[in-house]
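**Q** sequence isn't available, so here's the structure alone:
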């Protein structure tokens, strides 16, 4: 076993006082995949615990019964521990389980280290990272786990790597679904919808079966709105409002473009909504947005720019980045995922809001129900949100919202077979993938 | 100008109260490279300010005189501002200038976003990032700056991109020198020393000419010890003790391997020194290291492992990562740079220390003077450090320290021509690059 050659804990108690025994473990006996629930997967997952099977003297160790089984744990994160037993950690919150799919990819490579550092959930929130990859990416997943080991993050207490969503999603409070198949050459959005729809249907079923009953799900893999819809429809036991499609990078880019146009720093821009789909039909809303607390249209009097150039500038950002940087925007996407999580776990600043693609049932705007649509949200910081009521519409905004709504309804028809809606009928008129996205 | 097409501030005051005027600027007139000091560079640098030259109504704006010139500023970061004038920012510290070389590379891609987020210097420390790249990487630098814009970091107030070290290092309090030429096929360490030595001689001269007189320099580009030596020898007006070669990733990896072997979590491992060169002659010190406050040799009784396997495990980590992950360890390297900075700006925990490659003049261990050698350091958190006196040595440790010392003295002879030491004579006996590093 390749990893075992790298990392060979010995689990002895030489020189350790009894107060440290909770950090010891006879992991040698649990270094196998535990099949403690029915599996519905097509691939077999690999063992990844890096504890040496021939490590010295496990029989001599006074071990505690592990508090939880740790299938597919990695290296130093296979240790059992008792945070309440140590001075430095006893005031910490209860561990949270965070699953990340596409964990070997570039966005995750930024995101995982942010999650582990404590900057997302706070300095007293220990965290377990559960990394979902593919058979093809498994070695890379091991590499990511090794780098997490080498980073010595005190809050990072567990790392698990697997290719089985039923294993990774076990008891997770957060699922950050970044992984998706990239669009192949010549593939239309319809083809991508179907390929990725299968993945998100499977992941929805897995979440429904094993995740925390109040898991929050953020879908990043494209086409993210309809992927989120498929996911939530396949997870009927989880509240539909817990599913999000990420439009926060679009919101951040929109704020930056408004700031640039107005000649102000970006922290002066607020109340920016992205309406609708994460595609070229999305609507960055300048009608409700504010700069220094004033309506954008009062600050930026070049309304022609707002109507004709602003949206394009927001949407072309990813494409320009690919041209310049040669890769898609992994770092700023990861930042926007952090922003999206923080917006749900910290109270929204008075008078402001944030955008997220959420389920439309019960929305106050008259948007068709049964789709995932980016809308303005506020949170008390409890992980939940409510839709903002005091927004205004004009004909220009409504017309564009109607167009992105129509697109999402068409996407929904394309994936009817994946959401219990009968036979799919796909009539997407045009390719609306955002430039620079896969 | 390509960037100008993306970002077109208009610098109008429509709708803005006079209290916001400090955020306005007539940048159109300063969107050119300012030649305010003699340049000693061979390449011409490019203009990168993204302000539209034809932006509307600059003449109508009540502008303030910019407090500083901003050559090669980028996009929204070209704005002038007055942090003291705003409620949210008036309690902030004075802006610090941080230069990063190799800014378009993967390590920087992780590091820059950490610096900008506030997790390194704290939540009340505004920051200016000054990015040094090459002509070849200039477009990528623009891409990095765009992603920094889109991330909306409140503390990030200025971003400058350039290929001219004299411009980038102007007034910097920190210089994180990550950029170095990778080793070409068949190139020996001696060849790498010469090629990169030229770069670091130039950068040392530039720091000497324009940086803050108390700038702290961390050299990451390999061979980092001797690059740091070259840099400090070319910067005679900056204290030699301000120069560091990064051995913190080695220290972190050593801690992880000791934790794995002992079956404890890595936060129980302390007092780990990396002695000497960032190469395969480096000495991860298990004699002085502690686990749960006890000497490692009392906790890990497999002394054969400590003497024969431990060092190799630490050093092979990078190579294994490349095999698994297909890239070098950018994320954990960036984490270790953050650790290295934090170790200098926060007080070292009582009884512990950290490793850094620093100038040996006046060291208490009898190590040859005039080289950059990784040794145990403590800091009061003022950016400075002192060497730890209470360390012990045995024959095994001394013998290995002597070997890495001999290597660094040999490396010094190879670069004599770059440090005012006459004719270089290069007799490096073997290739000691760490696996997985360029």
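**A** That came through, no problem. Small disclaimer: the values here were computed from a predicted structure and weren't measured.
**Q** residues in contact with residue A:306?
**A** Neighbour list for residue A:306: A:286, A:296-297, A:300 [criterion: Cβ atoms under 8 Å, 6 or more residues apart in numbering or on different chains]. Heads up, the C-betas are built off the backbone N, CA and C, glycines and all.
**Q** quick one: the helices in chain A?
**A** Using DSSP state H, the helices of chain A run over residues A:2-6, A:106-117, A:138-150, A:165-168, A:189-210, A:224-233, A:248-262, A:296-299, A:303-305, A:311-325, A:330-345, A:395-414.
**Q** what's the angle from the longest one to helix A:224-233?
**A** Read it as helix A:189-210. 30 degrees (axes from the mean of the first three to the mean of the last three Cα atoms, to 10 degrees).
**Q** for helix A:189-210, packing partners?
**A** Packing partners of helix A:189-210 (3 or more Cβ pairs under 8 Å, 6 or more residues apart in numbering or on different chains; DSSP states H and E): helix A:165-168, strand A:174-177, helix A:224-233, helix A:395-414.
**Q** in its sheet, what does the second one sit against?
**A** Think strand A:174-177. Applying DSSP bridges, strand A:174-177 is found paired with strand A:96-101 (parallel), strand A:216-219 (parallel).
**Q** those strands: which one's closest to residue A:415?
**A** Of all the strands paired with strand A:174-177, strand A:216-219 sits nearest to residue A:415, with 13.4 Å by Cβ to Cβ.
**Q** show me the contact partners of that closest one.
**A** Counting by Cβ under 8 Å, 6+ apart, A:173-177, A:200, A:207, A:225, A:227-228, A:231-232, A:235, A:238, A:242-246, A:337, A:340-341, A:344, A:357, A:383 sit against strand A:216-219.
**Q** now with 6 Å, please.
**A** Identification of contacts with strand A:216-219 by Cβ atoms under 6 Å, 6 or more residues apart in numbering or on different chains yields A:174-177, A:227-228, A:242-246, A:340, A:383.
**Q** got it, and stretch A:348-356?
**A** Applying Cβ under 6 Å, 6+ apart, the contact partners of stretch A:348-356 are A:244, A:247, A:251, A:270-271, A:273-274, A:343, A:374, A:376-379, A:388.
**Q** before we move on, what about stretch A:172-192?
**A** Identification of contacts with stretch A:172-192 by Cβ under 6 Å, 6+ apart yields A:96-102, A:107-108, A:195-196, A:211-212, A:215-222, A:414, A:426, A:428, A:431, A:433, A:438.
**Q** for it, the distance to its chain's centre please.
**A** Stretch A:172-192 has its C-alpha centroid displaced from the chain centroid by 13 Å (Cα atoms, centre = their mean, to the nearest Å).
**Q** can you tell me the average pLDDT over it?
**A** For stretch A:172-192, the mean per-residue pLDDT is 88.
**Q** and the stretch 151-300 of chain A, which residues reach chain B?
**A** Within the stretch 151-300 of chain A, the positions lying close to chain B (Cβ under 6 Å from any Cβ of the partner chain) are A:151-152, A:154, A:252-253, A:256, A:259-261, A:263-267, A:292, A:294, A:298-299.
**Q** ramachandran angles for the nearest residue to residue A:102 once chain neighbours are set aside?
**A** Nearest non-adjacent residue to residue A:102, counting by Cβ to Cβ, 6 or more residues apart in numbering or on different chains: residue A:179, 2.6 Å away. With angles defined as degrees, to the nearest 10, residue A:179 sits at phi -70, psi 140.
**Q** mind listing what the residue in the stretch 301-438 of chain A that chain B sits nearest to touches?
**A** Distances between the stretch 301-438 of chain A and chain B by Cβ to the nearest Cβ are smallest at residue A:325, namely 2.8 Å. Neighbour list for residue A:325: B:140, B:143 [criterion: Cβ under 6 Å, 6+ apart].
**Q** just the helices of chain A: most buried one?
**A** Burial of the helices of chain A is given as mean neighbour count (mean count of other Cβ atoms under 10 Å in any protein chain shown); helix A:224-233 ranks first at a mean of 29.
**Q** residues of the stretch 301-438 of chain A that sit close to chain B?
**A** Residues of the stretch 301-438 of chain A lying close to chain B by Cβ under 6 Å from any Cβ are A:301, A:321, A:324-325, A:329, A:331-332, A:335.
**Q** excluding chain neighbours, what is closest to whichever residue of the stretch 101-250 of chain A sits closest to chain B?
**A** Going by Cβ to the nearest Cβ, chain B is nearest to residue A:143 of the stretch 101-250 of chain A, at 2.8 Å. Distances taken as Cβ to Cβ, 6+ apart place residue B:325 nearest to residue A:143, at 2.8 Å, with adjacent residues excluded.
**Q** gap between that neighbour and residue A:140?
**A** 5 Å (Cβ to Cβ, to the nearest Å).
**Q** what of residue A:230?
**A** Per Cβ to Cβ, residue A:230 is found 26 Å from residue A:140.
**Q** just residue A:181 next, same as before
**A** Distance of residue A:181 to residue A:140, given as Cβ to Cβ: 16 Å.
**Q** got it, and residue A:131?
**A** From residue A:131 over to residue A:140 the distance is 10 Å, taken as Cβ to Cβ.
**Q** adding pLDDT, write the residues of the stretch 301-438 of chain A next to chain B out as TSV.
**A** Below are these laid out as TSV (pLDDT from 0 to 100):
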residue	pLDDT
A:301	97
A:321	90
A:324	89
A:325	83
A:329	90
A:331	97
A:332	97
A:335	98
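**Q** what's the closest of the helices and strands packed on helix A:189-210 to residue A:84?
**A** Of all the helices and strands packed on helix A:189-210, strand A:174-177 comes closest under Cβ to Cβ, at 22.7 Å.
**Q** mean confidence (pLDDT) on stretch A:110-121, please.
**A** In the prediction, stretch A:110-121 has an average pLDDT of 97.
**Q** could you do stretch A:153-160 as well?
**A** The pLDDT scores in stretch A:153-160 average 97.
**Q** what residues sit buried inside that stretch?
**A** Residues A:153-160 are the ones in stretch A:153-160 that count as buried (16 or more other Cβ atoms under 10 Å in any protein chain shown).
**Q** if I look at the closest residue to residue A:248 other than its chain neighbours, how far off is residue A:354?
**A** Closest residue in space to residue A:248, ignoring its immediate chain neighbours: residue A:336 at 4.1 Å, by Cβ to Cβ, 6+ apart. Relative to residue A:354, residue A:336 is positioned 10 Å away (Cβ to Cβ).
**Q** any common contacting residues for these two?
**A** Between them, residue A:336 and residue A:354 share no contacting residue under Cβ under 6 Å, 6+ apart.
**Q** from residue B:119, how far off is the closest residue to residue A:432 other than its chain neighbours?
**A** Once flanking residues are discounted, residue A:432 sits nearest to residue A:279: 4.0 Å by Cβ to Cβ, 6+ apart. The spacing between residue A:279 and residue B:119, counted by Cβ to Cβ, is 33 Å.
**Q** same check on residue A:227?
**A** 31 Å.
**Q** could you do residue A:86 as well?
**A** For residue A:86, the distance to residue B:119 (Cβ to Cβ) stands at 24 Å.
**Q** repeat for residue A:118
**A** Distance, residue A:118 to residue B:119, by Cβ to Cβ: 9 Å.
**Q** next one: residue A:375
**A** According to Cβ to Cβ, residue A:375 and residue B:119 sit 31 Å apart.
**Q** which of these two has more neighbours?
**A** Using other Cβ atoms under 10 Å in any protein chain shown as the criterion, residue A:375 and residue B:119 rank with residue A:375 on top: 26 against 16.
**Q** list the contacts of that one.
**A** With contact taken as Cβ under 6 Å, 6+ apart, residue A:375 is in contact with residue A:387.
**Q** bridged to it, which residues?
**A** residue A:356.
**Q** so for it, what's the pLDDT?
**A** Residue A:375 is given a pLDDT of 98.
**Q** what of residue A:39?
**A** Reported pLDDT at residue A:39 in the predicted model: 37.
**Q** and if you look at residue A:216?
**A** Per-residue pLDDT puts residue A:216 at 98.
**Q** again with residue A:45
**A** Note on residue A:45: pLDDT of 38.
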